[in-house]
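Undergrad: next come a sequence and a model predicted from it.
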Amino acid sequence: MKKCVSLVAPFYNESGNVHEFFRRVAAVADSLPQYEFEVIAVNDGSRDSTWKELVEARSLYRNVHLLDLSRNFGKEAALTAGLDRAHGDAVVPIDSDLQHPPELLAQMIEQWEKGAEVVLAKRADRLTDGKLQKLSATSFYRFHNKISQVQLPMDVGDFRLMDRRVVDALRLLPENHRFMKGLFAWVGFRTVTIPYTPAQRNVGTSSFNLWKLWNLALEGITSFSTAPLKIWTYVGLGVSAFALLYALLIVIKTLAFGVDVPGYASLMVSGMFLGGVQLIGIGVLGEYVGRIYHEVKRRPVYLVREEHALERARD
């Protein structure tokens, strides 16, 4: 029996990219006849004609499993839905905008056959990113890896090949807030890295704006580190020590030199400073409390409106 490779591809407003995506994947599959390929295409609440084009593509290409989520749950949820349905001996999350070249699959499979359980595709450059996006991505990876025990490989996204054992381990993780890059790194397994050059989007623009990237970064930091909570202990100690020293200075100046105590201006400055520090601390605490609030409700990560499963199931 041929080994099966599953591709998990989330689609969100990717009208115009669908047929080109399947054409290139089919070409790769034809060049590797010793393997069976299946594509788990997840429509993540698209507002354009993506779902219609996916249904059309399923009639043209074989081994296409379609999922239509009830709304836009986000890429992390769409990836989770795809991983839940992937039956392959190896599974590859891949972007449907073709910035992840399907042609890299041959190298990934080659490394997998040599014994790697995870094959990471690492960006050789970030020429497709703007300056601000490039700076924010680099800063996030460095900051996250400084404060977290789970190390995210630099310039590596979701594009990777995972052995069946890795996918089974990922499916054991029950959290609803799923920062997939962190979960991929958390499960571990033998890993090798291969470089690739990301392409420009085939059609359209990315739905990830700076605000979404900022929230994704917060998700990643609060999912895998409690350092932002602990740091406020040290900030509090520092501010208290400074306040004590300043109080001693005032006492000494008053008793030894007869200098009057400064007026309301210094009190306002110190009060506003302490108020700001406290509000920041409360905000950080709120991020973690908010995560607990969402987790305890135990809502499903995604809901499916419609599903077109493969006719030939593989167990």
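TA: Cool, got the structure.
Undergrad: just give me how far stretch 174-185 sits from the chain centre.
TA: 8 Å (C-alpha atoms, centre = their mean, to the nearest Å).
Undergrad: against the centre of the protein, work out the most remote residue.
TA: Most distant residue from the mean C-alpha position of the chain: G258, 61.0 Å away (C-alpha atoms, centre = their mean).
Undergrad: so where is this structure shaky, pLDDT-wise?
TA: Residues of the chain meeting the criterion pLDDT under 70: 126-129, 201-209, 259-266, 268-269, 272, 312-315.
Undergrad: need phi/psi at V235.
TA: Dihedral angles of V235 (phi, psi; degrees, to the nearest 10) stand at phi -60, psi -40.
Undergrad: hmm, I typed the wrong one, I wanted H65.
TA: phi -110, psi 120.
Undergrad: ok, T197 next?
TA: Torsion angles, degrees, to the nearest 10, at T197: phi -110, psi 110.
Undergrad: show me the contacts for it.
TA: Contacts for T197 (C-beta atoms under 8 Å, 6 or more residues apart in numbering) come out as R123, A124, D125. Placement of C-beta: from N, CA and C, glycine included.
Undergrad: from those residues, which land in strands?
TA: R123 (DSSP state E).
Undergrad: any idea how far I252 is from the residue farthest from the centre of the chain?
TA: Per C-beta to C-beta, to the nearest Å, G258 is found 11 Å from I252.
Undergrad: what does N215 give?
TA: Here N215 is placed at a distance of 49 Å from I252 (C-beta to C-beta).
Undergrad: E53 reaches H19, doesn't it?
TA: Yes - assessed by C-beta atoms under 8 Å, E53 is found in contact with H19 at 6.6 Å.
Undergrad: give me the more crowded residue out of these two.
TA: Counted by other C-beta atoms under 10 Å, E53 and H19 do not tie: E53 has more neighbours, with 21 against 14.
Undergrad: now the more buried one. Nearest residue, chain neighbours left out?
TA: V18 (3.9 Å; C-beta to C-beta, 6 or more residues apart in numbering).
Undergrad: now for that neighbour: which residues touch it?
TA: F11, T50, E53, L54, E56, A57, S96.
Undergrad: PyMOL command to pick out the buried ones of the residues you listed?
TA: The PyMOL selection below is limited to those of these classed as buried (16 or more other C-beta atoms under 10 Å):
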select buried, resi 11+50+53+54+57+96
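Undergrad: next, give me the two most distant ones among the contacts of V18.
TA: The most widely separated members of those, counting by C-beta to C-beta, are E56 and S96 (14.7 Å).
Undergrad: and the helices in this structure?
TA: 18-31, 50-60, 75-85, 105-113, 131-147, 164-170, 180-187, 210-224, 227-257, 264-297 (DSSP state H).
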